[in-house]
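Trainee: The amino acid sequence is not available; the structure is as follows:
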């Protein structure tokens, strides 16, 4: 009889418990410290992201997923930009954008015919090309150094004179000095690889040519 009463008491207690709010169980996860250095975790995670198909940018892909295909060295990019812009000038396609991107406003340009100082003098020389066509036959980088910042390359250019149609081929050694922003501060076009004359009379004539050309040739304002 006592057992029956105890059983009834247990069932009554169970019914009371079921009517009250169920107890909440809180699980605390233990923090597991992995003995891995931070860089290892980073590269492991990045590699996993590539493997699992997570979206990544092209830059990320170059740095992590394709270590065998690095981006071009900065020096090569600067050299190529300068070479492309100068080729545009020599091929009679000058533009204000080229001078803004690659030349210093106070740069000096000289060849056997002129010595120009500043944009107002050197820009008209390129806009005043008297040739109907100019084509680069060949060009080759001879050196590109950072101390001093200098690009030296050889070039063979073929010019077709306007109205006459006769052709003239000039081989040059071109020496380009750059400033800290990798813009041209001095450029010398040495025809046939010969150093420019230092004779006073020749230099006076070269300076006169640089001063006269802007009177007849308009250029975009710097």
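Mentor: Right, received. Where do you want to start? Since we're looking at a predicted model, the values are computed, not measured.

Trainee: all strands for the protein, in order.
Mentor: With DSSP state E applied, the chain shows strands at 103-110, 115-117, 131-146, 149-161, 167-178, 184-191, listed in chain order.

Trainee: So, low pLDDT: which residues of this structure?
Mentor: The chain contains residues with pLDDT under 70 at 1-74, 130.

Trainee: ranges for the helices of it?
Mentor: For the chain, applying DSSP state H gives helices covering 2-19, 38-51, 58-60, 74-90, 96-102, 119-127, 200-216.

Trainee: Buried ones in the last one, by neighbour count?
Mentor: Okay, so that is helix 200-216. 206, 207, 210, 213, 214 (16 or more other Cβ atoms under 10 Å). Glycine gets a C-beta too; all of them are placed from N, C-alpha and C.

Trainee: when you compare where that helix runs with where helix 119-127 runs, what's the angle?
Mentor: Here helix 200-216 points in a direction 80 degrees away from that of helix 119-127 (axes from the mean of the first three to the mean of the last three Cα atoms, to 10 degrees).

Trainee: Tell me what angle helix 200-216 forms with strand 103-110.
Mentor: What separates the directions of helix 200-216 and strand 103-110 is an angle of 130 degrees, with the same axes, to 10 degrees.

Trainee: Next, the buried residues of stretch 136-150.
Mentor: Counting neighbours by 16+ other Cβ under 10 Å, one finds that the buried residues in stretch 136-150 are 139, 144, 149.

Trainee: which residues touch that stretch?
Mentor: 75, 79, 83, 87, 90-91, 151-158, 169, 173, 175-180, 182 (Cβ atoms under 8 Å, 6 or more residues apart in numbering).

Trainee: Buried members of the residues you listed into ChimeraX, please.
Mentor: Buried residues within the contacts of stretch 136-150, as defined by 16+ other Cβ under 10 Å, are selected in ChimeraX through the command that follows:
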select :79,83,90,91,151,152,153,155,157,173,175,176,177,178,182
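
Trainee: Does residue 153 touch residue 171 like I think?
Mentor: No - with contacts defined as Cβ atoms under 8 Å, residue 153 does not count as touching residue 171, sitting 11.9 Å away.

Trainee: picking up where we left off before, could I get the buried residues of helix 200-216 in CSV, plus columns for distance to residue 116?
Mentor: Compiled in CSV, the buried residues of helix 200-216 are given as follows (distance: Cβ to Cβ, whole Å):
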residue, distance to residue 116
206, 9
207, 9
210, 4
213, 8
214, 9
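
Trainee: Looking at these, point me to the pair that's furthest apart.
Mentor: Largest separation among those by Cβ to Cβ: 206 and 214, giving 14.6 Å.
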